[in-house]
Each structure stands twice: as C-alpha cells, then as structure tokens.
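Chemist: need the 3D shape of this:
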Amino acid sequence: MLQSPLLMRVWNSVRLLCGIAVLATFAQAQPQPKPIRRPANNQLALETAEAPVGRIDSPGAISVITNNLVFHVSPLSGKGLLSQQVDDALKALDKANGAATLVKLRAFVAGTGDLRRVQSIVNDLFTARKLPLPAVTTLQTGALTLEGAQVVIESISEEKKSVNPSGLAFFAAKEAASGVAAVAMLDAAMKTAGAVPLRVTCFSDSLTEATAAQNAAAKTFPKAAGSFLQSTRYTLGAMTACEGVGQASPSSTGAIVRSAKVILTAPQLAFSETDADLQLAFDRLNKTLEPFAVTLKEAVFTNLYALTKAMADKALAMAGAGTSQVVEALPSLDGTMAVEAVIPAK
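Modeler: From the prediction side, this is the model:
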C-alpha cells in the first residue's frame, strides 16, 4: 500500500500523464477536418449559395420548333389541396400531350395558395422522370370558375411533326366592358388575321365576368384550349381582357411567327417601383436571351404582370408593346412586376 504522501502524489501524476497520452492517441485516430483552401484573392467562394448541388433550375428561355407547338390547358378540379391539384393537372397535361415534349408552363394559382409549390412539384416530377425542365411561369390570381379549384395550368409542347405549317399568330389582350365583349373582340381580331384559335386566356375583374367569358368562348372557340380567371380576389368591376394564340395561315397578318424556331422565356422580376428597377428586369431578360442572339425588342408578344394598374401601365409603356395584367402576387414575395416574351429565333 502507498502510505507516503510523496509516493501518492507521484502515483497520481503518473496516472494523469497516462490518461493524457491515451486521449491524444484517440484524437489522432479520428478523421480530421480538411483545411479550407482559399483562392488567391483570399476570399471564400460560396459555391452553393445560389445553386445547391443536385438542384436543377428551370430554363430562363428555351428555343423550340415553331410549327410543332401544341397548346393545352389542364381541367379544373375542386378536389384536394393545392399540391394534389397541381399534381393532377400535370398528369392531365402529360396525358393530353402524348409523346410531345412539354416546353413551357404557365400556372395560375387562385386565392392564397403557395406559388412555390407549383415550381417544386414540376421540378420533382420532371427530375424523377429524367426529363428536361420546361420554362415555368407562376402567378397568383383571384378565383377560378369552379368552386374549390386552386390552380389551372397552361402548357406548350413540342410535337415530333409539323402541326402549324404556316406558323403561329399571337394576339395581345385588349380590355372590353365584359367577358362576352372581350371574347368577341378576340374573335374579330383572329378572323381579321385569318388565324385558327388554339388557346384563349381571359383575365376578368370579377368571377362573374370570368364565367361569362368562359361560356362565350365555349361557343366562339369550341376547339381552342382556354383559361378563365379573376385577376385578383377583389371585384373591381366588369372589365375583361382576353389574349390568344392561333394557327396562322399563309395570308395571316399581325404578330406572326414564321421562323423555324421561336424562343419562349420564363418571367424576369422587378423588385421595386422605380423606372430603374423596372428597367433592370428588362435588362435581366435581355441577358438571358444573349445565347440566342436576340433581344426583347424583337419580341412579337410580351406579357407583363404587376400588382397594381399603375405599375402595369408603367411597365407596358417602358416595354413599348405587349399585354399588361394586374395579378394578386408574383413568384417572389418582393416582386412588383414580371415580364416574359415570345421572340422569333434567328
């Protein structure tokens, strides 16, 4: 037995040193973090800040064959929550398109549904099937013409053969005093241009007029796909604006695309109300178009979406031409205006 205080202190010191040695050996055996390698400018590069590994973003613009494009609109459904309705809408569009390749989607989400769910579901579905992502536009609007319906999705797909031998005609929306009058105006414009209706989209100040436009379009354009919606949740009046796409004839006039290919863009957003901020959205869209060697000025059809009438009018004046619509909300909570375009490829 170690009775001497001196011997006990020596023994305790030996045990402490042995313990430290064991801990040091264990620490050395563990995986050590790799040192951070800084670039020459000593600034750390945040490689995953904007594009996390594994995430695939929808294209900002896509070039497709003009004569091969087909147009569909998902059927309205009042069943389930937004996610289920988006999933059902995409499945219906996929079935309607058959072997055609989906290249552009425009989704109108009614009420207070989360716009981000649309993009997320599209990304998951197309990635799981190893398909290229389409350009996507998502907009928050008021009510749709079926109780409980939270989303309607328009699609543009590319067939494997020509279905529009003389190209496509695009018709900017013009306001009319009612849904019926707006449909009549679009019908007159298409007849004057000698175009066969392919798709009709009507934005109304009230759900009543959206329903009236839907009923009128069913009689006037029985073979065309159609979307009919209240622009915002608040009934502002009876005004309605209907835009359209038609199959051009050899003699068609107006905003006609006869080029072999056409460029369809996703929207670019502005985040304030100043002219400089609106111009920045146009500049970003032009930057997206640089690989295609075209600019926004060459667009045959431009859509502008804004949160107020004043903002929509200002954006339209700056763009020079196109269609402007007031909507409930844009894909970003901070967004004030969005612009997208259709441009003939060179």
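Chemist: Lys219 - that's part of a helix, no?
Modeler: Yes - counting by DSSP: H, G, I helix; E, B strand; the rest coil, Lys219 is part of a helix.
Chemist: tell me the pLDDT at it?
Modeler: Listed pLDDT for Lys219 reads 98.
Chemist: the one 3 residues further on too?
Modeler: The score at Pro222 is 97. That number is its pLDDT.
Chemist: also the one 3 residues further on?
Modeler: Looking at Ala225, its pLDDT reads 98.
Chemist: any idea what it is bridged to?
Modeler: Arg199 (DSSP bridges).
Chemist: quick one, what contacts Leu69?
Modeler: 103, 156-159, 163-164, 168, 262 (CB atoms under 8 Å, 6 or more residues apart in numbering). Every C-beta, even on glycine, is put in place using the N, C-alpha and C of the backbone.
Chemist: redo that, cut-off 7 Å
Modeler: By CB atoms under 7 Å, 6 or more residues apart in numbering, the contact set of Leu69 is 156, 158, 164, 168.
Chemist: which ones are touching the first one?
Modeler: Residues in contact with Ile156 (CB under 7 Å, 6+ apart) are 69, 71, 103-104, 264.
Chemist: now the spatially most central residue of the chain: which helix or strand?
Modeler: Centroid-nearest residue in the chain, with CA atoms, centre = their mean: Thr137, separated by 2.0 Å. Using DSSP states H and E, Thr137 sits within strand 135-141.
Chemist: buried set for the helix or strand following that strand?
Modeler: Using DSSP H and E, the helix or strand that follows strand 135-141 in sequence is strand 151-158. Of the residues in strand 151-158, those with enough neighbours to count as buried (16 or more other CB atoms under 10 Å) are 151-158.
Chemist: gap between the nearest residue to Val180 once chain neighbours are set aside and Ser74?
Modeler: Ranked by CB to CB, 6 or more residues apart in numbering and with sequence neighbours excluded, the top spatial neighbour of Val180 is Ala216, at 4.7 Å. Going from Ala216 to Ser74 by CB to CB, to the nearest Å gives 21 Å.
Chemist: can you pull the contacts of Leu229?
Modeler: By CB under 7 Å, 6+ apart, the neighbours of Leu229 are 108, 141-142, 144, 152, 203, 210.
Chemist: any weak-confidence spans in this structure?
Modeler: 1-56 (pLDDT under 70).
Chemist: one more time with 80
Modeler: Low-confidence segments of the chain (pLDDT under 80): 1-57, 113.
Chemist: ranges for the helices of it?
Modeler: Using DSSP state H, the helices of the chain run over 5-29, 82-97, 115-128, 179-193, 207-220, 275-289, 309-319.
Chemist: could those be laid out in JSON lines, adding distance to Leu229 and mean neighbour count?
Modeler: Formatted as JSON lines, those follow (distance: least, CB to CB, whole Å; neighbours: other CB atoms under 10 Å):
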{"stretch": "helix 5-29", "distance to Leu229": "64", "mean neighbour count": "10"}
{"stretch": "helix 82-97", "distance to Leu229": "14", "mean neighbour count": "18"}
{"stretch": "helix 115-128", "distance to Leu229": "14", "mean neighbour count": "17"}
{"stretch": "helix 179-193", "distance to Leu229": "11", "mean neighbour count": "20"}
{"stretch": "helix 207-220", "distance to Leu229": "6", "mean neighbour count": "20"}
{"stretch": "helix 275-289", "distance to Leu229": "23", "mean neighbour count": "17"}
{"stretch": "helix 309-319", "distance to Leu229": "16", "mean neighbour count": "17"}
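Chemist: so for Gln268, which of those helices sits nearest?
Modeler: helix 275-289 (4.2 Å; CB to CB).
Chemist: relative orientation of that closest one and helix 309-319 in degrees?
Modeler: 50 degrees (axes from the mean of the first three to the mean of the last three CA atoms, to 10 degrees).
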